[in-house]
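> Coordinates only, no sequence provided:
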Ligand SMILES: Nc1ncnc2c1ncn2[C@@H]1O[C@H](COP(=O)(O)OP(=O)(O)OP(=O)(O)O)[C@@H](O)[C@H]1O
């Protein structure tokens, strides 16, 4: 299958002023400009094929938005080449935008004071969508998510979930070949997240639309992405199938412990206290096990371990000797833990 996006050794530098403090400093800044250069994206390369859903992940400030801005033509790379649909995005912004859709989770592209259908009509004119495609798409969206109930609602009166749904539909209205979704499920409840994920999945599957998804929500990644690209400090740390990544961490397990129905190990203790107690205990007993970490989720205390470093039974015995365990389950490592491990340097 052909690549729809080709990124070849791109770097993006931002030059920012090293500001001096105080009134005198501001005055001096007017005459002598002392700049520092930040490489937001540092020599990255990747190819994305038609129809893929790629999770573009990384901690805050990693360089995700800067990459997306270069792919959409908003920013020009400092060096390197980028092609989207065979075009250089920043040189052909208008032409490029005919083939892409963009959704920023917290900013709407719909007109606030108008019903969604009016925004769709304006987009029809902007993208020169022919009458048949426009009509077919509105019917198709209605069949998918019952969207016609929302078409005549003013955007201002919509819930965040309804607005996000309409924003996603608007980004697919002109049948783009690539859609960039930035945090599409941020702030939504569980059921709306599920609906939005299903919608993205169906649109990708039935239309063959390539989706580039940036998100901090591992539920989005699990539900949608086969391939993930992880960036940190402007450099790509990982680019492969998510399953391969899980295999890399194949010896990792999470053991979940519950100590009583409130989660804590003693009646007048909080779950957080129990978690800290377990954390200190395990750090003392297994000081050589670098990957050992303790977390909590409601009433459960989670111990993540690498069996190549410390056998699971040793951990269980160590805890059992000191605390009464009322329930225990074993889980494979979650996507969230895998990504966290990589952010922490787990692939080095
Ligand atoms: N216009 C700009 N001028 C100067 N520095 C910038 C500019 N835009 C981004 N940066 C810096 O570049 C780095 C990467 O920022 P970017 O917005 O790409 O990160 P991100 O991965 O999208 O983060 P987040 O998840 O928080 O949105 C950050 O250090 C940021 O402060």
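Okay, I see it. Given the structure is predicted, the values throughout are model-derived calculations rather than measurements.
> contacts, neighbours, all on C-alpha from now
Noted.
> give me every residue that touches the residue of the stretch 151-300 of the chain found nearest the ligand.
Nearest residue of the stretch 151-300 of the chain to the ligand, counting by CA to the nearest ligand atom: residue 234, 7.0 Å away. Residues near residue 234 by CA atoms under 8 Å, 6 or more residues apart in numbering: 39-44, 62-63.
> let's see 6 Å
When contacts are counted by CA atoms under 6 Å, 6 or more residues apart in numbering, residue 234 touches 40-42, 62-63.
> got it, and residue 179?
100-102, 211.
> Ok, residue 90 next?
So residue 90 contacts 73, 76 (CA under 6 Å, 6+ apart).
> Can we start the residue count at 8 from this point?
OK, 8 is where the count begins now, so the last one is residue 97.
> Give me the buried positions along stretch 210-229.
For stretch 210-229, the neighbour count (16 or more other CA atoms under 10 Å) marks 210-211, 215-223, 225-228 as buried.
> End to end on it, go ahead and measure it.
Start-to-end span of stretch 210-229 (CA to CA, to the nearest Å) is 17 Å.
> same deal with stretch 184-193?
24 Å.
> Over to stretch 255-267?
Termini of stretch 255-267 sit 34 Å apart (CA to CA).
> So residue 182: helix, strand or coil?
Classification of residue 182 by DSSP: H, G, I helix; E, B strand; the rest coil places it in coil.
> What score does it have for pLDDT?
On pLDDT, residue 182 comes in at 94.
> Tell me which residues touch it, please.
So residue 182 contacts nothing (CA under 6 Å, 6+ apart).
> the strands in the stretch 58-207 of the chain, which residues?
60-64, 86-91, 107-111, 185-189 (DSSP state E, counting those that start in this stretch).
> The contacts of residue 241: which two are farthest apart?
The most widely separated members of the contacts of residue 241 are 49 and 69, with 10.4 Å between them, by CA to CA.
> Show me the helices in this protein, by range?
29-38, 71-79, 100-105, 123-133, 138-152, 155-158, 167-179, 197-214, 225-231, 249-255, 278-292, 319-327, 342-350 (DSSP state H).
> what's the nearest residue to the residue minimising distance to the centre of the chain if we skip its chain neighbours?
A centroid search over the chain (CA atoms, centre = their mean) returns residue 222, at 1.4 Å, as the residue closest to the centre. Computed as CA to CA, 6 or more residues apart in numbering, the closest residue to residue 222 that is not its neighbour in sequence is residue 190, at 4.6 Å.
> what about the one you found, neighbour count?
Number of residues near residue 190 (other CA atoms under 10 Å) recorded here: 17.
> residues from this structure in reach of the ligand?
Contact residues, the chain versus the ligand (CA under 6 Å from any ligand atom): 21, 23, 47, 65-73.
> Let me have the residues you listed in a markdown table, extended by neighbour count.
Shown next, in a markdown table, are the residues of the chain next to the ligand (neighbours: other CA atoms under 10 Å):
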| residue | neighbour count |
| --- | --- |
| 21 | 13 |
| 23 | 12 |
| 47 | 21 |
| 65 | 25 |
| 66 | 16 |
| 67 | 11 |
| 68 | 13 |
| 69 | 19 |
| 70 | 22 |
| 71 | 23 |
| 72 | 16 |
| 73 | 21 |
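> quick one on the thing from earlier: need the winner for burial among the helices of the chain.
Among the helices of the chain, ranked by average contacts under mean count of other CA atoms under 10 Å, first place goes to helix 167-179 (a mean of 23).
> Could you pull up the mean pLDDT of that one?
93.
> Need the residues that contact that helix.
Residues outside helix 167-179 that contact it (CA under 6 Å, 6+ apart) are 108-109, 195.
> For the residue of the stretch 158-307 of the chain closest to the ligand, which non-adjacent residue is spatially closest?
residue 48 is the one closest to residue 241 (CA to CA, 6+ apart), at 3.9 Å.
> Next up, the contacts around the one you found.
Going by CA under 6 Å, 6+ apart, the list of residues near residue 48 reads 18-19, 70, 241.
> what about the stretch 108-257 of the chain, any weak spots by pLDDT?
112 (pLDDT under 70).
> Show me the domain layout of the protein.
If you go by automatic domain parsing, the domain ranges for the chain are 10-253, 258-339.
> Out of those domains, the one nearest residue 345 is which?
domain 10-253 (7.0 Å).
> and the nearest residue to residue 311 once chain neighbours are set aside, how far is that from residue 225?
Counting by CA to CA, 6+ apart, residue 311 lies nearest to residue 261, which is 4.4 Å off, once chain neighbours are set aside. Per CA to CA, residue 261 is found 17 Å from residue 225.
> Next: residue 51.
The value you get for residue 51 to residue 225, if CA to CA is used, is 23 Å.
> cool, residue 202 as well?
Distance, residue 202 to residue 225, using CA to CA: 16 Å.
> And for residue 63?
11 Å.
> shared neighbours, these two?
Contacts common to residue 63 and residue 225, judged by CA under 6 Å, 6+ apart, are absent.
> about what we covered before: is there a neighbour count for the residue nearest to residue 311? I'd like the number.
23.
> Next, the contact list for it, please.
310-311, 337-338.
> Distance check, residue 176 against residue 157.
With CA to CA as the criterion, residue 176 and residue 157 are 11 Å apart.
> For the residue of the chain most remote from its centre, report the pLDDT, please.
Of all residues in the chain, residue 31 has its C-alpha farthest from the mean position, at 42.7 Å, by CA atoms, centre = their mean. As predicted, residue 31 sits at a pLDDT of 79.
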